[in-house]
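Visitor: A structural model of the following input is requested.
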Amino acid sequence: MKKLLAIVLALMMSLMACSTALAVNEDVEGELVIYSSMYQFVIDMMDEALKAEFPNLTPGNDGSFFFYGGTSSLITKIYGEMETGTLGCDMFMVAEPAFSLELKEAGYLQPIEIEGAGELLRFPYDEEGYWYPVRVCNMVLAYNPEMVDEWAAKGVTIPQSFEAFATDPALKGLISMGNPLTSGTTYAAVASLTQDNHYGQEFLKGLAANEVMIESGSTALTKLQTGECAAIMILEESVLKVLKEAEDAGAPITNLACIYPSDGVVLIPSTVMTVAEEHSKNMNIEACEAVERWLLSEEAQKLILQGYMHSVFAGMEEIPYNSVNTNDLIAADLGVDWELAYRNREAINTAWTEIVTTK
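Guide: As a prediction, this is how the structure comes out:
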């Protein structure tokens, strides 16, 4: 009898321990909406993980915690909502940190304390807690390794730097990139490359002279693989995703690869922000705080890696599939003056429109 009682007690204690482990965030309740520019497949992974981690928190956007949009379209949406004083979300996860500076200055953000953030993160964060980096996008070049000799026979050398991409006249009509007016990461790259300490507006003039094609990443990748383009400027994650999916399907490809530019990559440490309670949709700061802390957990950072982006953790040695060491990329980062990118947003966009897209 005593033996049976001991077994029952041990089983009860085990069940209680499991229950406690699974119920860490069961007390987080209410509704939550996050505006995000992450790719949909990453959002889907995050959604599933959040629903498991916060079983009593209600997804506020048709069964999802996330409302997806490109960074620029989300910024436009938020500007419209700011006119009413209340936004349609409780948190943001957009591509470029310049918008974090703008929203903080406008009084639309709620500071959240992340204990030990200085030791945890290898990218800058707001020391008052208004925003933290969560995922790192990497702007690179890409090419088709199978066509190097064919391009060389035509007098075209695959560019190994952003400078050559924009200025080598042999590339005229053979390059493609995204639109900074609609893509936050492309805006960040253009803001960086046109800084006075980099290439200034000569970079834009070079793109115009080389008749750069402005199109989506998927279109650019197709043109690269079919030989319509010699090189494209694109996010590393877009290339890595195509390579991994082909490998997983049992048909690995050899007509696509990244170039890590010799003059430096452009890293974009995308941020998470919580909307100030008086401006948020659901006024659920407790939930926002819990979710923001979870996004800076090892579990969430593993999902970031699965999304082909780099982790913000200082101690994270893992890298996205087929990428290079994150700390090496940091050492090669051209950098973005985020204050300038915020203050000069209109001027940068105007220069792009007048120099590159106006024929």
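
Visitor: residues contacting residue 255?
Guide: Contacts for residue 255 (Cβ atoms under 8 Å, 6 or more residues apart in numbering) come out as 144-147, 225. All C-beta spots, glycine's among them, are computed from the backbone N, C-alpha and C.

Visitor: what's the answer for residue 176, then?
Guide: Residue 176 is in contact with 212-215, 219-220, 223-224, 229, 232-233, counting by Cβ under 8 Å, 6+ apart.

Visitor: widest-spaced pair of those residues?
Guide: The most widely separated members of the contacts of residue 176, counting by Cβ to Cβ, are 214 and 224 (15.0 Å).

Visitor: quick revisit: with the contacts of residue 255 in mind, which one is nearest to residue 194?
Guide: The nearest one, if we look at the contacts of residue 255 relative to residue 194 and count by Cβ to Cβ, is residue 144, at 27.5 Å.

Visitor: only the buried subset of the contacts of residue 176, as a PyMOL command please.
Guide: Burial among these is assessed by 16 or more other Cβ atoms under 10 Å; the matching PyMOL selection reads:
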select buried, resi 212+213+214+215+219+220+223+224+229+232+233
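
Visitor: taking the contacts of residue 176 one by one, which sit in strands?
Guide: 213-214, 232-233 (DSSP state E).

Visitor: using CSV, lay out those residues together with distance to residue 328 and pLDDT.
Guide: As requested, the ones in strands among the contacts of residue 176 are arranged in CSV below (distance: Cβ to Cβ, whole Å; pLDDT from 0 to 100):
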residue, distance to residue 328, pLDDT
213, 30, 98
214, 30, 97
232, 22, 98
233, 20, 98
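
Visitor: and these, which is closest to residue 78?
Guide: Of these, the one sitting nearest to residue 78 (Cβ to Cβ) turns out to be residue 214, at 24.1 Å.

Visitor: hang on, that closest one packs against residue 357?
Guide: Yes: if you go by Cβ atoms under 8 Å, residue 214 and residue 357 touch, sitting 6.8 Å apart.

Visitor: for the longest strand along the chain, buried residues please.
Guide: Using DSSP E, we find that the single longest strand of the chain is strand 132-143. Residues of strand 132-143 classed as buried by neighbour count (16+ other Cβ under 10 Å): 132-143.

Visitor: which strands and helices sit next to it?
Guide: helix 184-193, helix 217-226, strand 231-235, helix 236-248, strand 257-259, strand 266-274, helix 298-306 (3 or more Cβ pairs under 8 Å, 6 or more residues apart in numbering; DSSP states H and E).

Visitor: between helix 236-248 and the last one, find me the angle.
Guide: Spelled out, it's helix 298-306. Put simply, helix 298-306 runs at 80 degrees to helix 236-248, going by axes from the mean of the first three to the mean of the last three Cα atoms, to 10 degrees.

Visitor: what does helix 298-306 rub up against?
Guide: By Cβ under 8 Å, 6+ apart, the list of residues contacting helix 298-306 from outside reads 42, 45-46, 49, 53, 134-135, 294, 310-313, 316, 318-320.

Visitor: which member of those is positioned nearest residue 273?
Guide: residue 134 (9.9 Å).

Visitor: pretty sure residue 160 sits against residue 260.
Guide: No: using Cβ under 8 Å, residue 160 makes no contact with residue 260, being 9.1 Å away.

Visitor: break the chain into its domains for me.
Guide: 2-135+269-320, 138-267+334-357 (automatic domain parsing).

Visitor: and the shortest one, how far apart are its ends?
Guide: Domain 138-267+334-357 has its terminal residues 24 Å apart, counting by Cα to Cα, to the nearest Å.

Visitor: and the helices and strands packed on strand 132-143: which comes nearest residue 118?
Guide: strand 266-274 (14.9 Å).

Visitor: mind giving me the packing neighbours of the closest one?
Guide: So strand 266-274, by 3+ Cβ pairs under 8 Å, 6+ apart, packs with strand 91-93, helix 98-105, strand 132-143, helix 184-193, helix 285-295.

Visitor: at 6 Å what do you get?
Guide: Strand 266-274 sits against strand 91-93, strand 132-143, helix 184-193, helix 285-295, with contacts defined as 3 or more Cβ pairs under 6 Å, 6 or more residues apart in numbering; DSSP states H and E.

Visitor: partners of it in the sheet?
Guide: As defined by DSSP bridges, the strand partners of strand 266-274 come to strand 91-93 (antiparallel), strand 132-143 (antiparallel).

Visitor: format those as a markdown table; extra columns: distance to residue 179.
Guide: Listed next are the strands paired with strand 266-274 as a markdown table, based on distance: least, Cβ to Cβ, whole Å:
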| stretch | distance to residue 179 |
| --- | --- |
| strand 91-93 | 21 |
| strand 132-143 | 14 |
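
Visitor: partner residues bridging residue 57?
Guide: residue 30.

Visitor: quick one: it from residue 307, how far?
Guide: Distance of residue 57 to residue 307, computed by Cβ to Cβ, to the nearest Å: 22 Å.

Visitor: list of residues touching stretch 104-114?
Guide: The contact list for stretch 104-114 (Cβ atoms under 6 Å, 6 or more residues apart in numbering) reads 103, 128-130, 273-274, 276, 279, 285, 289, 292, 296.

Visitor: quick one: mean pLDDT over that stretch.
Guide: Averaging pLDDT along stretch 104-114 gives 97.

Visitor: before we move on, what about stretch 247-255?
Guide: Rounded mean pLDDT across stretch 247-255 is 97.

Visitor: pull the residues that contact the longest strand of the chain.
Guide: The contact list for strand 132-143 (Cβ under 6 Å, 6+ apart) reads 123, 125, 158, 165, 185, 189, 231-236, 239, 258-261, 265-272, 295, 304, 309-310, 312.
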